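J.: Fold the stuff below for me.
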Amino acid sequence: MKNPLLIVRALSLIPFPRASFSSFAIKNVTKSNFESSLADLRGHVRDSDFVAIDLEMTGVTSAPWREMFEFDRFDVRYLKVKDSADKFAVVQFGVCPFRWDAVKKSFVAHPHNFYVFPRQEVGGDDTSYEFLCQTSSIDFLAKYQFDFNVCIKEGISYLSRAHEDEARLQLHSTHEDALTESQCAAKETKDVPLVRMADILFVERMRNKISTWHDDLLQIRNGGSGRTSQDSTDSVNQFQTIFFKMRPAIKLNGYTSRQQRLIKSVVEKSFKDLAYIRVNDGSCFQQMIVYTDSGRDLELLMKEVKGNLLKEAEMKIGAAIGFRHVIDLLSSEQKLIVGHNCFLDIAHVCRKFVGPLPSKLEEYVMLAHKNFPYIIDTKILLNANNILQLKMKKSSTSLAKAFAIMCPHIASGVGSSGLASSVAVEVQVDDMISSNWNSGAKHEAGYDAFMTGCIFAQACNHLGVDFTSDSTLMNEEKLKNYINLLYLSWSSGDIVDIKTGATATESSAFNSFKTSQKIIFPNIVVIWGFSSKLKAREIKDIICKVFGLTSVTSIYHLDKTAVFVQFNQPELVSEFLELISQIEKKKNDAIYVLHPLSELLEGGSTRSACYEVYKEICASPISKVLFADQAEAVNINLNTKLLKSKAQENGSFVNLESPIDTKTAETKQQIKSSPPGSNDPRGEMLDIVSC
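T.: Prediction:
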C-alpha cells in the first residue's frame, strides 16, 4: 500500500480540475515551504540543461504616454521599460528547470510557482517597498484566479543585493558608532529633558530604587547582608533581579519607551559601575541594568552585548534575502535562461533582486549580462528562424498560441505517444511524475514558465539540436545566433544584444502586416498642451500653412494632449521652435494674432520641444496620466533647451552623448495603425509624404 502521507502531499500540489483529464502538477511555493523548496530547486537547476522563467507583475505602464510608440528611439524605449520595472511589483515568479533524460529520451520539467511580495523585513528606504498597480493588470490576474490573499499573506519577501549591502553598511556603521559611544559614555552622557513633573518624580524614584539595589550589592560584596526594598509602589515583575552572564542585573518589565530612556539616563549619569543594556531574548528585546565590578568589565560587557546584537542583526538581514536566493542560484549556475518576450522580465529581475537600473541602455546590458550571461527569447527564435516560421505558419507568436502550435501533444493533455516529430516532456513535482495533464493554468507564472520551456524544447528538436551531445545548449551551433538577443519592443521589431549592447530593427515576414514608416529623429518635434479640440490632421494643416504642403511627413498622437510631428527637413525643427517662441513673446501683437500658428497656441498652454526634451521627460521618475501634465511636472525650461538644441552642429538634435543611438536617421520603423473607426488618438498616423 502506498504511503498515505505521500498521496496527500501530492494532491495538495494539484489545482482544482478544469477539464476531464488529469490536472497539471506544479510546485506552489510560499514563505512556509520556501526553505525546503529552495533546497530541492538547487539540485534541479544544477542538473538542468536550461531553465525557463516567467513573471507576473502588478502592471506594465504607469501612464498611457509611457506605452511603446513607433516614434520611440532605442534609448527612449529602454527608459520606458526602466520606468515599468521601477514602479510595478513582481507578485509571482515561475522557475522551471528542464533536464534531458537520456534513458527515456525526453525532458523532465520541474515547474515551481513562487508567490513573491516585497515585505519590509529590515530597516531601510521605505519607498523601496512601494509599488503601483495597473487596474487592467490586476483585473487580468483576477480573471485567471490569481490568489492575492496568498500573495500578500504568504508571499516570499526579498532583499536586492544593493539593499543588502546598504543594510549591512548601515548596520556596521551603527555598530562602530555604538562602540565609540559606549567608550565615551561616562564623559558625554546627556540628560533627557525633564519637562513634566511626572518625569521628575519618576527619575527620582528610579534613582533611589537603583541606588538601594546597588548599595545592597556592595554590602554583600563586602561581606555584609543586603536590605530588602520596601517600596510597595514597584511591582516585583517590573523590577526583577536576575543574573546576566554571571553578573547581577535588574530586568526591567512594563516600562514605556520614554520611561526606559529616563532610566537609561539615570544609570549612565549616576552609576559608573552599572550598564544599561538591551538584549534579544528570542521573541523581543529586553532592557536590563547590569552590575560590573570594574571599568574593564564594563567595557567587555558592552562590547559583548553589542557584538551579539550585531550578529543577530546580520542574521536578520541574511534571512530577509528571501526569494533573491533563487535569483542568486540562477545567476551563479550560469544556465541558459529561457523566456518569452522577456526583456521586461529580465529588467524586473535586475531591478528587484540586483539593484537600481542605470539610466543608459548600454550600462543596463552590462548589468544584465554580468548576472545572466546566457538568455534566449523564444519569441525571437520563432520569428527569426525560417524552419520555425514555417512551423508556426505565420500565426501569432504569443505564448499561448506558440504553445498550442509547437506543443499540441502537451497543450491537449494527451501526452507524447505516437508523435515521432515531437520531443516528450514529463513533469515531476516532488514524488509525483506525470506526462498527461490539464493545460488550464495559463497566466500562472509557474505554468507559463513550463510552456516557455516546452516551446524551446520543441524548437530545438525542429532545428535538429542533438540533446544527447555532451556540449551545452549555450555552445550549440544552431542556437548561437539567437542567444542574448531580446526584443526591446516586439511591436516595432527592435532588438538589443544583451552581450554587446548592439541594437537593430528586425525585418521579418511576421511584421509584414505593418506599414513601414521612415523615422528621422532629428526631424521630430513634440508638441503638447494644445486645445483638446485639435486633432492630428488639423495640427498638420496648421503647420503646413506656414512651412509648406510637404513640410510634415507624419504626425502621431502620444495622447490627447500631445503629438509627435516629423518634418521633412531637420532645419524646419529649429525654425518651428524659434517661430513658436517668437509668437509666444508677442502673442498680443495684431500681426501674430492672425498668424496660422496662433490657433495651435490658443489657450496659452501649448509647448513644443525637440526629441531630446521628450527623452528627458521620459527619463523622469514622475508619471502623470497626461503628457502635458508630465512635462509641466518635470519643469522643462524650453528656452534653455531650444538654445542648446540650436547650438548643435548642422541643426541636428541627436544626443551625441548617447552611444546607444544606433538606430540612424534612416531606420525603418514598423508602424501599426489603429483599426478603422478607432477613437484612440494614438492610432492616428498620417503619412503625408510617401517614404
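
J.: contacting residues around the helix or strand hosting Ile405?
T.: Following DSSP states H and E, one finds Ile405 within helix 399-406. Identification of contacts with helix 399-406 by Cβ atoms under 8 Å, 6 or more residues apart in numbering yields 340-341, 378-379, 382, 391-393, 395-396, 410-411, 439, 442, 448, 451-452, 454-455, 458-459. All C-beta spots, glycine's among them, are computed from the backbone N, C-alpha and C.

J.: change it to 7 Å
T.: 340, 382, 391-392, 395, 411, 442, 448, 451-452, 454-455, 458-459 (Cβ atoms under 7 Å, 6 or more residues apart in numbering).

J.: export that helix as PDB, just CAs?
T.: Extracted in PDB, the C-alpha atoms of helix 399-406 (Å, rounded to 0.1, in the frame of the first residue of the first chain):
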ATOM      1  CA  LEU A 399       2.900  32.400 -25.700                       C
ATOM      2  CA  ALA A 400      -0.400  30.600 -25.700                       C
ATOM      3  CA  LYS A 401      -0.600  30.400 -29.500                       C
ATOM      4  CA  ALA A 402       3.000  29.300 -29.900                       C
ATOM      5  CA  PHE A 403       2.500  26.600 -27.200                       C
ATOM      6  CA  ALA A 404      -0.600  25.300 -29.000                       C
ATOM      7  CA  ILE A 405       1.200  25.000 -32.300                       C
ATOM      8  CA  MET A 406       4.600  23.900 -31.200                       C
END
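
J.: Work out the gap between the helix or strand following that helix and the centre of the chain.
T.: Downstream of helix 399-406, the first helix or strand assigned by DSSP H and E is helix 408-411. In terms of Cα atoms, centre = their mean, to the nearest Å, the centre of helix 408-411 is found 33 Å from the chain centre.

J.: There's contact between Leu330 and Ser48 in this structure, I believe.
T.: No - using Cβ atoms under 7 Å, Leu330 is not in contact with Ser48, being 10.1 Å away.

J.: Next, format the contacts of helix 399-406 as JSON lines and append secondary structure and neighbour count.
T.: Shown next, in JSON lines, are those (DSSP: H, G, I helix; E, B strand; the rest coil; neighbours: other Cβ atoms under 10 Å):
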{"residue": "His340", "secondary structure": "coil", "neighbour count": "28"}
{"residue": "Leu382", "secondary structure": "helix", "neighbour count": "24"}
{"residue": "Lys391", "secondary structure": "helix", "neighbour count": "17"}
{"residue": "Met392", "secondary structure": "helix", "neighbour count": "19"}
{"residue": "Ser395", "secondary structure": "coil", "neighbour count": "14"}
{"residue": "Ala411", "secondary structure": "helix", "neighbour count": "16"}
{"residue": "Lys442", "secondary structure": "coil", "neighbour count": "13"}
{"residue": "Asp448", "secondary structure": "helix", "neighbour count": "27"}
{"residue": "Met451", "secondary structure": "helix", "neighbour count": "28"}
{"residue": "Thr452", "secondary structure": "helix", "neighbour count": "27"}
{"residue": "Cys454", "secondary structure": "helix", "neighbour count": "28"}
{"residue": "Ile455", "secondary structure": "helix", "neighbour count": "26"}
{"residue": "Gln458", "secondary structure": "helix", "neighbour count": "26"}
{"residue": "Ala459", "secondary structure": "helix", "neighbour count": "27"}
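
J.: Identify, from the residues you listed, the entry nearest to Leu274.
T.: Asp448 (61.9 Å; Cβ to Cβ).

J.: Chain neighbours aside, what residue packs nearest to that closest one?
T.: Excluding its sequence neighbours, the residue lying closest to Asp448 (Cβ to Cβ, 6 or more residues apart in numbering) is Asp54, at 3.9 Å.

J.: Now the element after the helix or strand hosting the one you found, going C-ward?
T.: Counting by DSSP H and E, the element that carries Asp54 is strand 50-57. Going down the chain from strand 50-57, the next helix or strand is helix 74-87, by DSSP H and E.

J.: Show me what that following helix is packed up against.
T.: Counting contacts by 3 or more Cβ pairs under 7 Å, 6 or more residues apart in numbering; DSSP states H and E, helix 74-87 packs against helix 343-353, helix 361-371, strand 485-489, helix 611-619.

J.: If we go by neighbour counts, what in the second one is buried?
T.: Residues of helix 361-371 classed as buried: 361-362, 364-369, 371 (neighbour count, 16 or more other Cβ atoms under 10 Å).

J.: pLDDT of the next helix-or-strand element following that helix, averaged?
T.: Per DSSP H and E, the first helix or strand lying C-terminal to helix 361-371 is strand 375-377. Averaged across strand 375-377, the pLDDT comes to 97.

J.: Please enumerate residues in contact with strand 375-377?
T.: By Cβ under 7 Å, 6+ apart, strand 375-377 touches 336-342, 346, 456, 479, 482-487, 498.

J.: Going through the contacts of helix 399-406, which one is the model least confident about?
T.: Ranking those by pLDDT, Lys442 lands last with 66.
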